[in-house]
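[1] take a look and give me a structure for this.
(one chain, ligands or ions: 1)
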Amino acid sequence: MLGQIARRRLGLLLLLHGQQRLSNGLNGVSFNQLLSKETHRHTQSSFNTSSPISTMSLWPFSFQPRDFSLPNSSWSPEMCKAYDHYNALCDTDTENGEEKKRAPWKKLPSYNRSIKYATGGIHLSKLIQAKARLFTRNVKEQGATFEYVVFVNKEEKSCVCVFQAGRLLEGAPGHVHGGAIATMIDTVTGSLAGYLSGPIMTANLNLDYRNPMPLGSVVLIHSALDRIEGRKTFITCKVTSTDESKLYTEATALFVSISVGHLFGSRN
Ligand SMILES: CCCCCCCC/C=C\CCCCCCCC(=O)SCCNC(=O)CCNC(=O)[C@H](O)C(C)(C)COP(=O)(O)OP(=O)(O)OC[C@H]1O[C@@H](n2cnc3c(N)ncnc32)[C@H](O)[C@@H]1OP(=O)(O)O
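    Residues are numbered from 1 along each chain as shown. This next block holds a predicted model:
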């Protein structure tokens, strides 16, 4: 079971890195070798952005990409406090009687494009477009748009995103645009669905906006697995204030598992 979860997680990490080599073969590197390298790399501190040289020979990326979900000077005290709260729950060995247990929380890294850092492969070369950028990470000015970090709880099959909405996300005067909120909900629920089910695309997203969200707000986006039915992964979502007293938005989302070929026009 844990192995299965770890492999699913690796599937998402490969997607997050835009790594499509599972379908192409891994250039002689076994899946388990890759898994152990990846597991090792992501058990390092969230603040440690350097990667051991020994992992780089097998890791198919040219260098360590920047993780955009680490604290920066635009983060408000409220954002930092929420980050610190969830970060403290990550990856610490907790004493449980005589046994040591790994914490169920994990911070997901976040990059500004899908595949820049991958090298080689026919499919990859088709996908590598110099100007492509991930929508939520495409503005250079820190704090102007989407500042966020996602923490996954693998045991509860849920995640929490801490999101600070920047000044360029205005919709109604002084408030966050509904499309920006939808973007974040798609991103967070999609991250969880991908973590649990591997390669997916959004098929359906339903939103209820309950209260206007002031620009500059820091909110929590809580997502949880509802159910998996065959290729369909159903996720529920709630956006609240950091003290959870105010409900901003509720959502449900359906993600459908796809083959990598789906992104290249084939429907197998
Ligand atoms: C690999 C990409 C993952 C992204 C990660 C990259 C890394 C980035 C890093 C960080 C971000 C983190 C995450 C971001 C997440 C955001 C993801 C998006 O926003 S994706 C863009 C918007 N979505 C589309 O453009 C889909 C367009 N639609 C399609 O391609 C197809 O319609 C698709 C794949 C959804 C389904 O097509 P079929 O041919 O494969 O499968 P059929 O047979 O139609 O459906 C399968 C089942 O699903 C149900 N279904 C399909 N669509 C439905 C719908 N709209 N409502 C209800 N049911 C639906 C069907 O009834 C069927 O159910 P029955 O198996 O018969 O029970």
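[2] tell me who's in contact with the closest residue to the ligand within the stretch 101-250 of the chain.
    Distance from the ligand to each residue of the stretch 101-250 of the chain (CB to the nearest ligand atom) is smallest for G190, at 2.4 Å. Placement of C-beta: from N, CA and C, glycine included. Residues near G190 by CB atoms under 8 Å, 6 or more residues apart in numbering: I200, T202, A253, F255.
[3] just the buried ones from these?
    With burial judged by 16 or more other CB atoms under 10 Å, the buried subset of the contacts of G190 is I200, T202, A253, F255.
[4] of the residues you listed, which are in range of the ligand?
    Of the entries in those, the ones placed beside the ligand under the rule of CB under 6 Å from any ligand atom are I200, T202.
[5] count of residues packed around L196?
    When counting by other CB atoms under 10 Å, one arrives at 23 neighbours for L196.
[6] low-confidence ranges in the stretch 101-250 of the chain?
    In the predicted model of the stretch 101-250 of the chain, residues 101, 114-130 satisfy pLDDT under 70.
[7] who in it is up against the ligand?
    Of all the residues in the stretch 101-250 of the chain, those in contact range of the ligand (CB under 6 Å from any ligand atom) are 114, 134, 186-187, 190-191, 194, 199-204, 230-232.
[8] out of those, which sit inside strands?
    I200, M201, T202, A203, N204, K232 (DSSP state E).
[9] ok, the third one - contacts?
    When the contact criterion is CB under 8 Å, 6+ apart, the partners of T202 are D186, T189, G190, A253, L254, F255.
[10] check T236 too.
    Listed by CB under 8 Å, 6+ apart, the contact partners of T236 are S223, A224, D226, A251, T252, A253.
[11] is E147 within a helix or a strand, and which one?
    E147 belongs to strand 146-153 when assigned by DSSP states H and E.
[12] residues near Y209, how many?
    Around Y209 there are 15 residues (other CB under 10 Å).
[13] tell me the bridge partners for it.
    With DSSP bridges applied, the residues forming beta bridges to Y209 are T249.
[14] and V152, by the same measure?
    On the basis of DSSP bridges, V152 takes part in beta bridges with K106, C159.
[15] ok, it touching P109?
    No: under the criterion of CB atoms under 8 Å, V152 is not in contact with P109, lying 11.3 Å apart.
[16] so between those two, which is more surrounded?
    The neighbour comparison of V152 against P109 (other CB under 10 Å) goes to V152, with 24 against 21.
[17] contact partners for that one?
    By CB under 8 Å, 6+ apart, the contact set of V152 is W105, K106, L108, S158, C159, S191, L192, Y195.
[18] could those residues go into a markdown table alongside neighbour count?
    Below are the contacts of V152 laid out as a markdown table (neighbours: other CB atoms under 10 Å):
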| residue | neighbour count |
| --- | --- |
| W105 | 20 |
| K106 | 21 |
| L108 | 22 |
| S158 | 18 |
| C159 | 27 |
| S191 | 22 |
| L192 | 29 |
| Y195 | 27 |
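[19] which residues of the chain fall in strands?
    Along the chain, the stretches classed as strands by DSSP E are 93-96, 99-102, 105-108, 146-153, 158-165, 200-209, 218-229, 232-241, 247-257.
[20] before we move on, back to that, which of the contacts of T236 are buried?
    Buried among the contacts of T236 (16+ other CB under 10 Å): S223, A224, A251, T252, A253.
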